[in-house]
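K.L.:
Sharing a model prediction with you, sequence too.
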Amino acid sequence: MILVLNAGSSSLKAALFDRALAERARWTVAEIGRAARLDGAPVEAPDHEAALRHVLDRLPGRVEAAAHRVVHGGTLRAPVALDEPALAAIEAAAPLAPLHNPSALAGIRAVAALLPGLPQTASLDTAFHATIPQAASTYALPEPHRTRLRRTGFHGLSYASLAARLSPLPRRLLAFHLGNGASACAILEGRSVATTMGATPLGGMVMGTRDGTLEPGATLALARALGVEEAERLLTRESGLLALAGASDMRALLARDDRAALDHFAHWAARAGASLLPSLGGLDALAFTGGIGENAAPLREAIRALLAFAGDVPVHVVPAEEERRIAADALALLGAPG
């Protein structure tokens, strides 16, 4: 069995898959380091290692590998068996994904401490976008910054899962992953050719706690006024829907019909998605995934209406299956069928 782990800054999500990629169990440890809870029940979990111990205590059998979700793979362009060079690449990319990579590394180290010798793999949210052409992935910066920073994109595991589940796959597909983080991706014949996020998960469109649209000059002005660390905290944790409406949970905004916030979100999602259409050369279908994309029909309709100029195309809603994708990557790396 494959244990799939998605470590957040104060959470650990775990799912167990067998070799046929059937889900056998699922657990979530929340509020790590505070009032920790395992699937709602209070537990002692001061760190990720303690949280993982609670999950391991509940495993119904032996696992053959731990498979991790890693948001930024840095120089890595495909799923990878974790060794020292791979860990170094993930650690080097941490400044570009400060909310995500350090947590993933904490999960990896927890497995190494509690299950020494167990094979570990990493599936990368950036890998799906390795096919983006140079013109769409390169920043017009002087070297060495142009090589060090590129539009890597994110939510790649979600888009890869979405593309694999659509049959037949539309040739020119504009896909949206809408959750607390949000992005769009132009998928041409099954390959990513452009996406709205860049070198970090901070840009592209309005999100739960990220503005996503701030121009570089305004970002520099905030950094000068507040200092870099305070500006980073404001832009990553205090902006977006939270700043506009006092709540980052889209369910709350829909429940109270907060038109200003909902219209703002739909406008910037459609505007960001529309910017990808030249990379597709037209549009054959729209697709939505992620918590908001799957469950917020009014927002899907608002975004579709704003993109109606591109044609009356089918709209697909595809549940995210990132964990199953990660388990499949692990089995492939282990040389196992599936």
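P.N.:
Received it, and whenever you're ready, just let me know what you need. Fair warning: this is a prediction, and the values are worked out from it, not measured in the lab.

K.L.:
phi, psi of the closest residue to Ile187 other than its chain neighbours?
P.N.:
Distance criterion C-beta to C-beta, 6 or more residues apart in numbering; nearest residue to Ile187, sequence neighbours excluded, is Leu173 at 4.3 Å. C-betas here are computed from N, CA, C, even on glycine. Main-chain torsions, Leu173, degrees, to the nearest 10: phi -120, psi 130.

K.L.:
got a list of what Leu173 touches?
P.N.:
163, 166, 186-188, 280, 284-287 (C-beta atoms under 8 Å, 6 or more residues apart in numbering).

K.L.:
redo that, cut-off 7 Å
P.N.:
187, 284-285, 287 (C-beta atoms under 7 Å, 6 or more residues apart in numbering).

K.L.:
Number of residues surrounding Pro116?
P.N.:
7 (other C-beta atoms under 10 Å).

K.L.:
Ignore what I typed, I meant Tyr139.
P.N.:
Residues near Tyr139, counting by other C-beta under 10 Å: 14.

K.L.:
hang on, Val71 packs against His100?
P.N.:
Yes. When contacts are counted by C-beta atoms under 7 Å, Val71 is listed as touching His100 (3.7 Å).

K.L.:
Give me the pLDDT for the nearest residue to Glu189 once chain neighbours are set aside.
P.N.:
Closest residue to Glu189 apart from its sequence neighbours, by C-beta to C-beta, 6+ apart: Arg171 at 5.7 Å. The confidence metric pLDDT takes the value 98 at Arg171.

K.L.:
One more: Gly335?
P.N.:
For Gly335, pLDDT reads 85.

K.L.:
cool, Gly8 as well?
P.N.:
Reported pLDDT for Gly8: 89.

K.L.:
and it, what is it in contact with?
P.N.:
With contacts defined as C-beta under 7 Å, 6+ apart, Gly8 is in contact with Ser103.

K.L.:
Look up phi and psi at it.
P.N.:
The phi/psi pair for Gly8 (degrees, to the nearest 10) is phi -100, psi 180.

K.L.:
From Ala51, how far off is it?
P.N.:
10 Å (C-beta to C-beta, to the nearest Å).

K.L.:
one step back: overlap in contacts, Val71 and His100.
P.N.:
Joint contacts of Val71 and His100 (C-beta under 7 Å, 6+ apart) are Pro201.

K.L.:
which residues sit against stretch 127-134?
P.N.:
Contacts for stretch 127-134 (C-beta under 7 Å, 6+ apart): 73, 77-79, 151-153, 156, 159-160, 191-195.

K.L.:
again, but for stretch 212-228
P.N.:
Counting by C-beta under 7 Å, 6+ apart, 202-206, 231, 234, 240, 268 sit against stretch 212-228.

K.L.:
Tell me the one among those residues nearest to Leu331.
P.N.:
Gly204 (31.8 Å; C-beta to C-beta).

K.L.:
about what we covered before: mind checking which of the contacts of stretch 127-134 land in strands?
P.N.:
Residues of the contacts of stretch 127-134 located in strands (DSSP state E): 191-195.

K.L.:
I'd say Leu16 and Trp27 touch.
P.N.:
No. Look at Leu16 against Trp27 with C-beta under 7 Å: they stay out of range, at 8.5 Å.

K.L.:
what sits up against stretch 41-51?
P.N.:
Contacts of stretch 41-51 (C-beta under 7 Å, 6+ apart): 7, 12, 29, 32-33, 35-37, 54, 106-107, 110, 113-114.

K.L.:
Okay, buried residues for it please.
P.N.:
43, 45, 48-51 (16 or more other C-beta atoms under 10 Å).

K.L.:
so where do the helices sit in the stretch 1-150 of the chain?
P.N.:
48-57, 84-92, 101-114, 134-137, 145-148 (DSSP state H, counting those that start in this stretch).

K.L.:
now the stretch 151-300 of the chain
P.N.:
Applying DSSP H, counting those that start in this stretch to the stretch 151-300 of the chain gives helices spanning 156-165, 216-226, 228-237, 240-245, 250-255, 259-274, 277-280, 290-295, 297-306.

K.L.:
Now tell me what touches the lowest-mean-pLDDT helix or strand in the chain from outside.
P.N.:
Sorting the helices and strands of the chain by mean pLDDT, DSSP states H and E puts helix 145-148 at the bottom, at a mean of 92. Identification of contacts with helix 145-148 by C-beta under 7 Å, 6+ apart yields 138-139.
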